[in-house]
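Chemist: sequence-free structure coming up:
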């Protein structure tokens, strides 16, 4: 019996006008994995993520979550952290939490409050009074407080300092439920390398490599970051 994949993408292509952004993408992700979607800026990571989240329509090919095409149902089981902040800056953190709790059946308010304390965030503060890094932490708390099957984090470490990065990675590691998977899209590979089970290298809209992280390191006798730099000469 074939194990059903949490995410399965077949022959996926995406073009905007006459520019092809993604070319013949085939990949699958099982349950219980932390997967790095790794590529330089402009490689197609965000476009791929938007297709998985049903925010864009494929030019051709399919994206399946738990055996079903993406759509209304898949949005209930995917918790997505976009690259840019989308929250109303005039709201207090507590108001944003209430809003999420109303909007998502699978939002765990108690977990959110605990994470806010862990990340040293004030629930009564307005977002407009927070630094960019603090706002990013609030967004991460919101995303990780949903009891989802798939968490997709697009550049979750962009605006924060290195010490906070480690803290955020530990937050991600310890806050997704058994059987769920996490996709982290980033170009900051050395920062997230230690938590990855699998890696997907994407370049110029094509998947160059999908591998178990430890097997790849053992085979090449290099870190994922070094392998990436060697492959892409960066």
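Modeler: It's in. Not measured: the values here are computed from a predicted model.
Chemist: buried sites along stretch 49-56?
Modeler: Residues of stretch 49-56 classed as buried by neighbour count (16 or more other C-beta atoms under 10 Å): 49, 50, 51, 52, 53, 54, 56. No exception for glycine: its C-beta is placed from N, CA and C like everyone else's.
Chemist: what lies in contact with it?
Modeler: The contact list for stretch 49-56, computed with C-beta atoms under 8 Å, 6 or more residues apart in numbering, reads 7, 9, 12, 14, 22, 37, 47, 57-58, 63, 65, 70-71, 74-75, 78, 80, 152, 154, 183, 185.
Chemist: if we can go back for a sec, return the member of the buried residues of stretch 49-56 nearest to residue 106.
Modeler: Nearest to residue 106, judged by C-beta to C-beta, of the buried residues of stretch 49-56 is residue 53 at 15.7 Å.
Chemist: neighbouring contacts of stretch 24-32?
Modeler: 3, 5-13, 35, 48, 61, 149-150, 178-181, 183, 198, 200, 205-207, 210.
Chemist: change it to 6 Å
Modeler: Stretch 24-32 is contacted from outside by 5, 6, 7, 8, 9, 10, 12, 35, 179, 181, 207, 210, using C-beta atoms under 6 Å, 6 or more residues apart in numbering.
Chemist: let's have those residues in CSV, adding pLDDT, secondary structure and distance to residue 93.
Modeler: Formatted as CSV, these follow (pLDDT from 0 to 100; DSSP: H, G, I helix; E, B strand; the rest coil; distance: C-beta to C-beta, whole Å):
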residue, pLDDT, secondary structure, distance to residue 93
5, 91, coil, 36
6, 95, coil, 31
7, 97, strand, 31
8, 97, strand, 37
9, 97, strand, 35
10, 97, strand, 40
12, 98, strand, 37
35, 97, strand, 29
179, 86, coil, 29
181, 95, strand, 28
207, 96, strand, 38
210, 95, strand, 37
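Chemist: for residue 166, state which of those is nearest.
Modeler: Nearest to residue 166 among the contacts of stretch 24-32, with distances taken as C-beta to C-beta, is residue 35, at 19.5 Å.
Chemist: and the helices in this protein?
Modeler: 45-52, 72-77, 93-103, 109-118, 132-144, 162-174, 189-192, 213-220, 224-232 (DSSP state H).
Chemist: point out where the protein drops to low pLDDT.
Modeler: Filtered on pLDDT under 70, the chain yields the residue ranges 1-3, 234.
Chemist: mind putting the helices of the chain into TSV with distance to residue 26?
Modeler: Shown next, in TSV, are those (distance: least, C-beta to C-beta, whole Å):
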stretch	distance to residue 26
helix 45-52	12
helix 72-77	19
helix 93-103	33
helix 109-118	35
helix 132-144	27
helix 162-174	26
helix 189-192	22
helix 213-220	18
helix 224-232	19
